[in-house]
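Colleague: sequence first, predicted coordinates after that:
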Amino acid sequence: MTLTDEILSSLHLADKTGAWGTLGTIKPQKNFEPELDVEKLHDVLTNKGNKQTVIDVITGLNNEQRQEVIRLYKEELQKDLLEDIKKAFSGDLERVIVGLLKTPAAYDAQELKAAMKGLGTDEATLSEILSSRSNEQLRAIQACYKQEFKTELEKDITSDTSEPYTSLLLTLLKGKRERESGIIDYGLIEQDFKTLSDLGPKKTTNDAQWITILTERPKGHLRRVFDVYKKSTSVDIEEAIKKNFKGDFQKSLLTLVAVIKDAPLYFADKLYNAMKGLGTDDKALIRILISRSEEDLLSIRVAYRRKYGKSLYSSIESDTKGDYRSTLLLLCRAEDI
């Protein structure tokens with residue numbers, strides 16, 4: 001199947017419920033037989049068989065089906081599949097497989113915790129996750145975080161970051177973005193443009209107003225606000241952010257604007273940067289492929305090919321190796337010619 005066929009197929013299904021309506025590369029397996037999958041996994045993990053069998057099973061299911069396999073594995077064998085995987089796998093391959101076996105919310109909670117663990121903070125990961133998840137996803141992440149780590153995500157963010165970056169992350173975490181109404185409110189567009197462009201008494205911008213507008217307005221509305229900003233001031237919204245803000249707050253605002261403008265392109269850029277030059281940012285590569293595999297990875301592949309003149313598949317193929325490469329390529333799914 002060509003990339004165009006995949007995109008059109010997914011778009012055709014977009015008005016239907018369930019995972020088939022996504023632009024993800026991973027779809028529900030049509031002839032799902034969890035008992036058979038449990039048997040295959042147990043045989044390989046017990047007898048140290050071919051790891052490719054485990055990879056094929058896990059990447060051949062969507063997350064809901066993987067959760068059913070985990071449940072059945074526990075019920076029939078009185079064993080924890082994740083623990084058995086950890087014993088049999090190691091390194092980046094283990095991280096991918098274990099990540100795929102977690103629910104999306106539990107996986108995001110894990111990545112957020114890791115971003116704040118120990119000395120130093122991975123601000124880019126915090127900004128990426130909180131800027132790109134839906135209101136519903138953010139609520140699920142908070143619940144999983146509290147259950148897994150026995151503390152509030154809000155509390156950890158507050159203790160690990162500083163203002164005004166903290167306020168931006170906490171406001172994003174509340175998941176208050178309005179839904180798209182389908183109605184273009186030209187009055188509100190003009191009002192928001194003026195708010196973003198006005199300087200205060202000390203010739204400075206108002207952090208709180210920027211946070212409110214960028215975290216609560218619908219993304220379609222904000223794209224129109226950005227267009228008006230450019231036409232009226234001859235300055236891109238990104239340039240205004242660079243001029244008026246500093247540090248982690250500036251970087252996070254730029255991430256948020258990039259996601260609002262074009263999320264697939266944002267993730268395509270992140271993937272390219274993870275693999276360019278010497279060395280690979282495997283954490284970012286794994287996180288994005290796992291988290292977008294049932295969301296919009298087909299669209300990310302299109303954006304990647306269009307901007308960089310090569311396919312995401314071929315980039316992964318040349319930048320990784322072994323069973324780890326095999327797993328990532330199965331998540332990517334296909335070459336884009």
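Modeller: Ah, there it is.
Colleague: C-alpha from now on. contacts and neighbour counts both.
Modeller: Will do.
Colleague: give me the most central residue, the chain.
Modeller: Closest residue to the average C-alpha location of the chain: Ser291 at 4.5 Å, with C-alpha atoms, centre = their mean.
Colleague: what residues sit buried inside the longest helix anywhere in the chain?
Modeller: Ranked by residue count, the top helix of the chain under DSSP state H comes out as helix 247-275. Across helix 247-275, burial judged by 16 or more other C-alpha atoms under 10 Å covers 248-261, 263-272, 274-275.
Colleague: now stretch 322-333
Modeller: Using 16+ other C-alpha under 10 Å as the test for burial, stretch 322-333 gives Tyr324, Arg325, Ser326, Thr327, Leu328, Leu329, Leu330, Leu331, Cys332, Arg333.
Colleague: just say helix, strand or coil for the fifth one.
Modeller: The one in question is Leu328. Secondary structure, DSSP: H, G, I helix; E, B strand; the rest coil: Leu328 is helix.
Colleague: surely it touches Leu289?
Modeller: Yes. Contact criterion C-alpha atoms under 8 Å: Leu328 and Leu289 qualify, at 7.4 Å.
Colleague: ok, back up a step: quick check: phi and psi at the residue nearest to the centre of the chain.
Modeller: Dihedral angles of Ser291 (phi, psi; degrees, to the nearest 10) stand at phi -70, psi -20.
Colleague: cool, and the one 4 residues further on?
Modeller: Glu295 has phi and psi values of phi -110, psi -70 when expressed as degrees, to the nearest 10.
Colleague: with Leu138 instead?
Modeller: Leu138 adopts backbone torsions of phi -60, psi -40, taken as degrees, to the nearest 10.
Colleague: in this structure it contacts Lys174, no?
Modeller: Yes. Judged on C-alpha under 8 Å, Leu138 makes contact with Lys174 at a distance of 7.4 Å.
Colleague: neighbour-wise, which of the two wins?
Modeller: Here Leu138 and Lys174 are compared on neighbour count by other C-alpha atoms under 10 Å; more neighbours surround Leu138, at 23 against 16.
Colleague: and the pLDDT for that one?
Modeller: pLDDT for Leu138: 98.
Colleague: same question for Leu199.
Modeller: pLDDT for Leu199: 76.
Colleague: helix/strand/coil for it?
Modeller: Leu199 ends up coil, using three-state DSSP.
Colleague: distance of it relative to Thr205?
Modeller: From Leu199 across to Thr205, the span is 5 Å (C-alpha to C-alpha, to the nearest Å).
Colleague: please apply the same query to Tyr304.
Modeller: Taking C-alpha to C-alpha as the measure, Tyr304 falls 34 Å from Thr205.
Colleague: so which of these two has more stuff around it?
Modeller: Shown here are Tyr304 and Thr205; by other C-alpha under 10 Å, Tyr304 has more neighbours (26 against 18).
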